[in-house]
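Novice: Okay, predicted coordinates and the sequence, questions at the end:
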Amino acid sequence: MNQVPDPGADGEALKQAMDELMERVREDAQARERLLAQDPQAAERAARLRILLNEARRRLENADQPTDQATGDPAAGS
């Protein structure tokens with residue numbers, strides 16, 4: 001029979017860390033809402049930046065992969 005061990009001090013420390021993390025997430029969301037209220041175009045700019053960053057990340061990841069010299073296809077390289 002499987003029994004769950006008593007979480008003890010580790011469980012309490014984990015709970016406290018999770019509570020602190022959730023508080024920071026709430027504070028971040030509130031700060032983001034305040035900033036968006038001050039600058040309505042900020043959300044659009046942030047979305048465009050996320051798209052550019054994701055594209056740059058994808059290109060960097062693909063640059064690390066070997067390519068087939070004939071086709072330039074990263075999946076064909078080995």
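Specialist: Cool, got the structure. Numbering: from 1, shown residues only.

Novice: Could you list which residues are in contact with residue 53?
Specialist: Contact analysis of residue 53 by C-beta atoms under 8 Å, 6 or more residues apart in numbering lists nothing. Any C-beta I mention is one placed from the backbone N, CA and C, and that applies to glycine too.

Novice: secondary structure element for it?
Specialist: Using DSSP states H and E, residue 53 falls within helix 42-63.

Novice: swap in residue 40?
Specialist: Counting by DSSP H and E, residue 40 is found in no helix or strand.

Novice: Now for residue 18, how many residues are close by?
Specialist: By other C-beta atoms under 10 Å, 10 other residues sit near residue 18.

Novice: buried residues in the helix or strand where it lies?
Specialist: Using DSSP H and E, residue 18 maps to helix 8-38. Of the residues in helix 8-38, none count as buried by neighbour count, 16 or more other C-beta atoms under 10 Å.

Novice: elements contacting that helix?
Specialist: helix 42-63 (3 or more C-beta pairs under 8 Å, 6 or more residues apart in numbering; DSSP states H and E).

Novice: roughly how far is the helix it packs on from the heart of the chain?
Specialist: 12 Å (C-alpha atoms, centre = their mean, to the nearest Å).

Novice: Using PDB, write out every CA atom in that helix.
Specialist: Taking Å, rounded to 0.1, in the frame of the first residue of the first chain, the C-alpha atoms of helix 42-63 are listed here in PDB:
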ATOM      1  CA  ALA A  42       1.400  49.400 -25.000                       C
ATOM      2  CA  ALA A  43      -0.400  46.100 -25.400                       C
ATOM      3  CA  GLU A  44      -0.100  46.200 -29.100                       C
ATOM      4  CA  ARG A  45       3.600  47.100 -29.000                       C
ATOM      5  CA  ALA A  46       4.200  44.300 -26.400                       C
ATOM      6  CA  ALA A  47       2.500  41.800 -28.700                       C
ATOM      7  CA  ARG A  48       4.600  42.800 -31.600                       C
ATOM      8  CA  LEU A  49       7.700  42.500 -29.500                       C
ATOM      9  CA  ARG A  50       6.700  39.000 -28.400                       C
ATOM     10  CA  ILE A  51       6.200  38.000 -32.000                       C
ATOM     11  CA  LEU A  52       9.700  39.300 -32.900                       C
ATOM     12  CA  LEU A  53      11.300  37.600 -29.900                       C
ATOM     13  CA  ASN A  54       9.700  34.300 -30.700                       C
ATOM     14  CA  GLU A  55      10.800  34.600 -34.300                       C
ATOM     15  CA  ALA A  56      14.400  35.400 -33.300                       C
ATOM     16  CA  ARG A  57      14.300  32.500 -30.800                       C
ATOM     17  CA  ARG A  58      13.100  30.100 -33.500                       C
ATOM     18  CA  ARG A  59      15.800  31.300 -35.900                       C
ATOM     19  CA  LEU A  60      18.500  30.800 -33.300                       C
ATOM     20  CA  GLU A  61      17.300  27.300 -32.500                       C
ATOM     21  CA  ASN A  62      17.200  26.500 -36.200                       C
ATOM     22  CA  ALA A  63      20.700  27.900 -36.600                       C
END
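
Novice: All set now, cheers.
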